[in-house]
Structures are given as C-alpha cells and as structure tokens.
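Chemist: I need the structure of the sequence given here:
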Amino acid sequence: MWWRDMNVKVCSFSVHHIEVDVCNSDSVLMWKAVGVYGWPETEYKYKTWDLMRRLKEGAAVPMLCFGDFNEIVGMNEKSGGVVREERLMDAFRGALDDCGFRDLGYKGSIYTWQRGNSMETLVRERLDRYVADSEWCALFQSLEVIHLPMCHSDHAPILLKYGDRVENNRSKKLFRFEALWISSDECGKVVGDAWNEEVAAPITDRIVVLEERLKKWAGKTFGDLKKKIQKTESNLRELQGGRMDTSTLQQCQAVSSELNELRRMEESYWYSRSRVTELRDGDKNTKYFHHKASQQRKKNTITGLFDGNGVWQSSSFAIDSVISQYFDELFTSDQPVDFDGALAGIEIWFRMK
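Modeler: The predicted model follows:
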C-alpha cells in the first residue's frame, strides 16, 4: 500500500519483470522500483542479469529491485540437494555489482523457498530478496526486510517495512454480527438461548443481552484472530528458521495447516465487511477484502466541515461544534409570520373561493 502523497506509474513489464516510477504528489519522479521473476532454467539465467543491467542503465533516479531471482549468491543460502555450480552464483554476484545493488538483509529464516516433504527430499534456498543502489538506501534508512513464514506456497513472502506505522484514533468499536461466526455449530444455540432467556422483556433489552452473549462466546471461540495469526506465524517462522529434522518438518506442516485455517477465517471476516458479492477471480485475497472494507470506512468518515462562516474545520471538537450549531439553527424557530417563501415550493391542487 502506497503513501497518499505518492503516485505509482507502470513504465514497462513482461513475464519476467515489472518496472514502475514512484512520483510525489507533484508528479516529480522520485525513484524506480523493479519487480523481478528470474528465468529458472540454467541456460537462460543470463537473461535475468542482462535485464537487470539494462533497466539500471536506463534509470536516472534511485532504484529498488526485488523478487524471485531464482538464484543464490553463495552456498550458505542453500540446504539440501546438489551443490550449486560456482559459475552460476558468480554470474548473479556480477550482475549485482554491475548495477551497484546491495542486499537489504532480512529478519527471519534465511530460506525463502523449499521443496520436498521429507528430510531425504527437502531442499531449501534463498531465492527471493530486496536489493537497492546506494542512492535509494540513502533515501530510506529506517527500514527492515522480513521473511514471513511459507504458507499456501513454496515461497515465503518477503516484506519490506519502512518507518513507523501510525494508527488513527478510533471511536468505540461498533458491534457487528460476523459471518465468520456462522461457521460454528454453536452459534445458533447461543443466539436461541440468549433471545429466549427473557421472552417478556422489551425487544431492545433482548438485543442487548444477545449482543453481550455473542461477544463473550465469540471471544472464547475465535479470540483475537489477528493475534492468533501473528502468534502462529511466529511459531512457524521459528520452526522454519531452525535446524530441520523429521520431527521439525512434521511440526512445520501441522502449524502451516493451522495458519491456513486461521487465514481462511480472517478472509471470511473481511469478506463480510467488504460489501462485495463475489471472490475476485476466485483468489483468496484477504488484503483485497481489507482494502474494500477500508474504502467503505473512508466513505463513512467525516474528515472536516465548513462552519457557518465558510471556514474549514478539521479537528474533532470543531466538527462536533459545527454539527451541533447546524442542527440548533435548523430546529430553532424565529416565529415567522411570512410563509410565502415556504409555500412557493408547494404545488397547489385547489384554491378556496
């Protein structure tokens, strides 16, 4: 997700790359970003390095390059399988040097790709990375690369974080019935028991009771999904980053399945809030639904109002005052005696003679 004061424009793309210009709010080019998918075939790997050199030569601004390069820079980035030929790794190192790229490092497991379901067939390599030239690194000094756990894929997502994320102040959280809850067989019983507890009570009181029972039950049954996912990801990252043996591999597979289920539940949660009616291209894309829900939230957010003097007010206190003043004036009568202005807009059906 990009900053609001920056624009991204695609310059070129192919099966093996996508090049974008990153501009500021005044459309001034700041830096370039290039996503790479390297040729996996040994005889075509040189095409990846030539592509990198060509794109770097054509760039007059700082550049960030990232993706699946399908190559390692040294045997320390490989575990299992046959020994990589030195000439292949040397060609990759040469391309990085020619472009003036430096590795941005990482946190987490060194390996970003793996294949095999047993210790006899297991191969792990660091094929994915972020690299950048010195000019780009000078622009962004407070950053870190995180190798996230492998899940759903044989590649680990690699996340580049810059600076601190600032959360907006939020008002009291509204209660919503979540579609996720229906996936539990207990949900219907919780609703029925709460609703029928005080049949003679006013419907508003019964709704309050139902809300409290559902929140209490959902907290015990589902808990905080975000925290559960973070904890499970952390466990999987620790397992994948440690010494691998048969027992650890089995634990990785079990925790990976658990993480898949938690993410399915998270997807259901955001899907119900996104107000979209179908999965886009059948893709399990939680971030897409989160984005749709965020868009809806932005539509429902008042960032500022013009007061009675035409001055823009954006603070919470000032907005409250503008709204209160508006409705005070709207519903305050000055005891008018001339109604011609109001009656002029009413269609006359008959007149008294």
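
Chemist: for the stretch 101-250 of the chain, what spans make up the strands?
Modeler: All strands of the stretch 101-250 of the chain, identified by DSSP state E, counting those that start in this stretch, fall at 102-103, 113-115, 123-125, 128-132, 143-147, 158-162.

Chemist: winner for burial among those strands?
Modeler: Of the strands of the stretch 101-250 of the chain, the one with the most neighbours on average (mean count of other C-beta atoms under 10 Å) is strand 128-132, at a mean of 23. C-beta coordinates here come from the backbone N, C-alpha and C atoms, glycine included.

Chemist: CA-only coordinates of it in PDB, if you can.
Modeler: Taking C-alpha atoms only, strand 128-132 is exported to PDB below (Å, rounded to 0.1, in the frame of the first residue of the first chain):
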ATOM      1  CA  ASP A 128      13.900 -14.000  -3.000                       C
ATOM      2  CA  ARG A 129      15.400 -10.800  -1.800                       C
ATOM      3  CA  TYR A 130      15.400  -7.000  -1.900                       C
ATOM      4  CA  VAL A 131      18.400  -5.100  -3.300                       C
ATOM      5  CA  ALA A 132      18.900  -1.400  -4.000                       C
END
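
Chemist: that one pairs with which strands, parallel or anti?
Modeler: When pairing is defined by DSSP bridges, strand 128-132 lines up against strand 63-68 (antiparallel), strand 102-103 (antiparallel).

Chemist: run the angle between the first one and strand 143-147 for me.
Modeler: So that's strand 63-68. Angle of strand 63-68 versus strand 143-147, following axes from the mean of the first three to the mean of the last three C-alpha atoms, to 10 degrees, is 10 degrees.

Chemist: what's strand 63-68 in contact with?
Modeler: Defining contact as C-beta atoms under 8 Å, 6 or more residues apart in numbering, one finds that strand 63-68 is touched by 17, 31-38, 52, 55-56, 99, 101, 113, 127-133, 135-136, 155, 158, 160.

Chemist: take these and keep only those in helices.
Modeler: Using DSSP state H, 52, 55, 56, 99, 135, 136 are the members of the contacts of strand 63-68 that sit in helices.

Chemist: how about the residues you listed, which pair is most distant?
Modeler: Maximum pairwise distance among the ones in helices among the contacts of strand 63-68 (C-beta to C-beta): 16.2 Å, between 52 and 135.

Chemist: between these two, which is the more surrounded one?
Modeler: residue 52 (24 against 13; other C-beta atoms under 10 Å).

Chemist: quick one: that one and residue 97 touch, right?
Modeler: No - with contact defined as C-beta atoms under 8 Å, residue 52 does not reach residue 97; the gap is 11.0 Å.

Chemist: can you report how many residues neighbour residue 104?
Modeler: That count, for residue 104 with other C-beta under 10 Å as the rule, works out to 20.

Chemist: distance of it from residue 56?
Modeler: Taking C-beta to C-beta, to the nearest Å as the measure, residue 104 falls 16 Å from residue 56.

Chemist: one more: residue 307?
Modeler: 53 Å.

Chemist: can I get the strands of the stretch 101-250 of the chain in TSV with distance to residue 182?
Modeler: Shown next, in TSV, are the strands of the stretch 101-250 of the chain (distance: least, C-beta to C-beta, whole Å):
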stretch	distance to residue 182
strand 102-103	47
strand 113-115	36
strand 123-125	39
strand 128-132	38
strand 143-147	34
strand 158-162	32
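
Chemist: and of those, who's closest to residue 12?
Modeler: Closest among the strands of the stretch 101-250 of the chain, using C-beta to C-beta: strand 128-132, at 18.8 Å.

Chemist: residue 307 and residue 56: which is more packed in?
Modeler: Between residue 307 and residue 56, counting by other C-beta under 10 Å, residue 56 is the more crowded of the two (18 against 14).

Chemist: surely the more buried one touches residue 96?
Modeler: No - using C-beta under 8 Å, residue 56 is not in contact with residue 96, being 10.2 Å away.

Chemist: for this structure, give the helix that spans the most residues.
Modeler: Counting by DSSP H, the longest helix found in the chain is helix 246-274.

Chemist: below-threshold pLDDT in the stretch 151-300 of the chain: ranges please.
Modeler: Residues of the stretch 151-300 of the chain meeting the criterion pLDDT under 70: 163-173, 223, 269-300.

Chemist: the same query, at a cut-off of 80, please.
Modeler: 163-176, 178-180, 182-184, 198-202, 204-205, 219-226, 242, 264-300 (pLDDT under 80).

Chemist: show me where it has its helices.
Modeler: Counting by DSSP state H, counting those that start in this stretch, residue ranges of the helices within the stretch 151-300 of the chain are 186-195, 203-221, 225-241, 246-274, 286-299.
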